[in-house]
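[1] With the sequence up front, the predicted model follows.
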Amino acid sequence: MQVLVPVDGSDCSLRALARAIEAVKPARGVVHLMNVQPAFDDYGMIPAYLTRRRHHELMRARTQAALAPAVARLRRAGVRSLVHTAAGDTASAIVRAARRQGCDSIVMGTRGMGAIGGLIVGSVANKVIHLASVPVTLVK
């Protein structure tokens, strides 16, 4: 059993990870952790104001900060894991990684924006559900 769990460092994504650990551990499966950074830095530090090297350093630091708590939990649980990173459109990257890694399902957190919020800004979880060819479990 192979499960992809997108993590962004939020409590919600860590709850999704806990659910995935419950599912994978008895089967001695693998959890694929995934962190996706936006193509453009969303804090005004766009590459035009930074060197390419500095931009990559900042993005790597963000990725590591998001992944560290999840990696620690998996180690404590004794669950085998692989880490994947990407930049760009979050939903597309998640679905692409699940397909490429041969994952049986995706377990991900949702911030619970609700139907109206999801319609206005679009939710990553909603996009993943529509794009994925494997079952998607959402954890609030």
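    Right, received. Where do you want to start?

[2] Could I get the full set of helices for this structure?
    11-24, 52-77, 90-101, 114-121, 124-131 (DSSP state H).

[3] lowest-confidence stretch among the ones you listed?
    Ranked by mean pLDDT, these end with helix 114-121 at the bottom, a mean of 47.

[4] would a markdown table of the helices of the chain with mean neighbour count be doable?
    (Glycine included, C-beta is placed from N, CA and C.) Output for the helices of the chain, formatted as a markdown table (neighbours: other Cβ atoms under 10 Å):
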| stretch | mean neighbour count |
| --- | --- |
| helix 11-24 | 19 |
| helix 52-77 | 15 |
| helix 90-101 | 19 |
| helix 114-121 | 10 |
| helix 124-131 | 18 |
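
[5] Out of these, the one nearest Val139 is which?
    Closest approach to Val139 among the helices of the chain (Cβ to Cβ): helix 11-24, 4.1 Å.

[6] one step back: export the helices of the chain as a markdown table, with columns for distance to Val139.
    Listed next are the helices of the chain as a markdown table, based on distance: least, Cβ to Cβ, whole Å:
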| stretch | distance to Val139 |
| --- | --- |
| helix 11-24 | 4 |
| helix 52-77 | 13 |
| helix 90-101 | 14 |
| helix 114-121 | 16 |
| helix 124-131 | 10 |
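
[7] Right, I'll call it a day here.
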